[in-house]
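Undergrad: give the three-dimensional model of this entry:
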Amino acid sequence: MPADTTHSPRLDIHRRILDLVRTGRARTRSDLVALLHASASIVSLRTRELIDSGELIDTGPLSSGTGRPSRGLALASSERTLLAADLGTYHARIGLAKAHGEVIDLRTLKIDSSSGPKKVLDLLCATIEEMIADNINSGMPAAGCIGLPAPIDHKKGWVDSSSRLRGWHHFPIADLFSARLGIPIAIENDADIMALGEHLEHPELQHSITVKAGGSIGVGVVIDSRLHRGATGAAGDIVHVRMPAFGDLPCACGKTGCLDTVLSGLALARQWSQAVGSPQDLEDLLNADFNADSAALDLLRTAGSRLGEALSVIAGLLNPDAVFIGGRLSTSETFLAAIRAALYTNCHPLITKNLLIEATSAGIDAAFKGAVASAASIAGLQTSSPHVSSRTITQTARDF
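TA: Numbers count the residues shown, from 1 in each chain. Now for the predicted structure:
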């Protein structure tokens with residue numbers, strides 16, 4: 001929507017304010033006072049005129065640690081830059097994108113989440129600051145979203161359980177990023193942002209379930225085209241469902257016999273190692289599957305059937321338009337076929353009548369796209385398209 005400039009004539013100070021905010025040199029009215037050598041009253045008046053005309057927005061109080069927090073300023077347009085990141089156990093994908101979808105910069109880092117949050121987040125912040133500096137003409141990000149492979153307390157902006165990210169429990173991730181970068185930051189579960197990103201690839205759908213099937217298993221639920229997190233952010237968490245067929249192997253959650261102990265990529269790699277008699281990883285299992293090894297086929301059929309049985313409960317409750325399977329295991333047609341068969345066997349025909357069951361179309365980019373959409377939402381920006389352009393997205397890392 002074009003800016004409404006009827007409130008007051010455009011002055012040189014308006015142009016200078018917009019330029020300072022766009023390039024990130026000014027984030028608050030106090031910054032503008034210092035850089036423009038103007039009085040606080042003049043800056044307040046001119047920024048108010050730009051807010052009224054729809055060219056600036058007040059982003060609210062910024063974390064300052066002490067004293068009364070300053071209120072942030074940002075450009076109000078689809079050209080605003082957004083920050084998105086998807087963290088795994090050993091890799092992180094970090095990018096800048098425009099609110100209308102164009103990807104500006106996307107990088108992959110090797111990390112070790114077991115080294116603790118401070119070391120990892122310091123590396124991420126340094127990389128983000130470098131990206132912003134390298135793309136200064138695109139402007140300072142309006143907001144950011146960080147995806148993590150763990151349950152999230154969205155109000156506090158931290159990991160609510162460290163079973164998957166040991167040492168990260170209640171570390172103030174959102175506050176750290178926000179204070180260092182000077183922008184609002186949302187923390188999301190990685191499966192949730194993958195679910196949102198994949199759902200946005202299918203604008204004709206209203207309800208979908210997306211499974212991230214890689215080293216661990218995660219499930220994201222979208223209802224009425226909005227993420228459904230549940231009361232404590234654990235909606236769709238089927239990995240700790242316990243059944244007698246799963247045995248009594250210990251799980252990272254502290255219980256035994258959870259689905260994750262027999263179905264995650266790590267669990268399947270362990271089972272494949274036992275079957276072969278030598279150390280193997282998930283890639284070895286998938287390669288054997290692609291080469292029609294009968295033992296690998298049996299193992300992945302059993303895994304897909306177990307996941308399909310667990311998903312049939314969610315599908316029966318929510319009656320989604322689609323079930324999408326992402327992550328490294330989604331590349332196995334054996335695994336996907338077993339999931340489909342289990343859903344058709346265990347769900348009422350009305351549930352599966354028009355149900356789409358397939359691998360994610362966005363692939364490894366789904367989580368990044370979902371993070372961009374979440375960042376746009378907290379920045380109060382409307383995207384011109386539900387899609388994030390793949391123009392500069394490259395598949396630079398394996399599933400993490």
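Undergrad: drop to CA atoms for contacts and neighbour counts, all remaining ones
TA: Will do.
Undergrad: tell me where the stretch 51-200 of the chain has helices.
TA: Per DSSP state H, counting those that start in this stretch, the stretch 51-200 of the chain carries helices over the ranges 117-134, 173-181, 190-199.
Undergrad: pick the most buried one from those helices.
TA: Mean neighbour count (mean count of other CA atoms under 10 Å) peaks for helix 190-199 among the helices of the stretch 51-200 of the chain, with a mean of 31.
Undergrad: alpha carbons of it, as PDB, please.
TA: Presented in PDB, the C-alpha positions along helix 190-199 are these (Å, rounded to 0.1, in the frame of the first residue of the first chain):
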ATOM      1  CA  ASP A 190      12.000 -26.300  14.600                       C
ATOM      2  CA  ALA A 191       9.200 -28.700  13.600                       C
ATOM      3  CA  ASP A 192       6.700 -25.900  14.100                       C
ATOM      4  CA  ILE A 193       8.400 -23.500  11.700                       C
ATOM      5  CA  MET A 194       8.900 -26.300   9.200                       C
ATOM      6  CA  ALA A 195       5.200 -27.000   9.400                       C
ATOM      7  CA  LEU A 196       4.400 -23.300   8.900                       C
ATOM      8  CA  GLY A 197       6.900 -23.000   6.000                       C
ATOM      9  CA  GLU A 198       5.500 -26.100   4.200                       C
ATOM     10  CA  HIS A 199       1.900 -25.100   4.800                       C
END
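Undergrad: any idea of the mean pLDDT for it?
TA: Helix 190-199 comes out with an average pLDDT of 95.
Undergrad: buried sites along the helix ranked longest in the chain?
TA: When the chain is parsed with DSSP state H, its longest helix is helix 294-318. For helix 294-318, the neighbour count (16 or more other CA atoms under 10 Å) marks 296-297, 299-312, 314-316, 318 as buried.
Undergrad: low-confidence ranges in this structure?
TA: Along the chain, segments meeting pLDDT under 70 span 1-9, 23, 63-67, 77-79, 100, 162-163, 381-400.
Undergrad: contacts only, for residue 210.
TA: Counting by CA atoms under 8 Å, 6 or more residues apart in numbering, residue 210 touches 191, 194-195, 198, 219-221, 323-326.
Undergrad: repeat that with 6 Å
TA: The neighbourhood of residue 210, defined by CA atoms under 6 Å, 6 or more residues apart in numbering, consists of 195, 219-220, 323-325.
Undergrad: over to residue 93?
TA: By CA under 6 Å, 6+ apart, the contact set of residue 93 is 85-86, 107-108.
Undergrad: just flag the most distant two among those residues.
TA: 86 and 107 (10.7 Å; CA to CA).
Undergrad: so between those two, which is more surrounded?
TA: Counted by other CA atoms under 10 Å, residue 86 and residue 107 do not tie: residue 86 has more neighbours, with 29 against 17.
Undergrad: chain neighbours aside, what residue packs nearest to that one?
TA: residue 147 (4.6 Å; CA to CA, 6 or more residues apart in numbering).
Undergrad: if I look at that neighbour, how far off is residue 375?
TA: 11 Å (CA to CA, to the nearest Å).
Undergrad: what about residue 68, how many residues nearby?
TA: Neighbours of residue 68 under the rule other CA under 10 Å: 10.
Undergrad: quick one, strands of the protein?
TA: Secondary structure of the chain (DSSP state E): strands at 56-61, 71-75, 81-87, 91-98, 103-110, 141-148, 152-153, 158-159, 185-189, 208-213, 217-223, 226-227, 322-326, 356-359.
Undergrad: by contact count, what packs against the third one?
TA: Here strand 81-87 is seen to pack against strand 91-98, strand 141-148 when contacts are counted using 3 or more CA pairs under 6 Å, 6 or more residues apart in numbering; DSSP states H and E.
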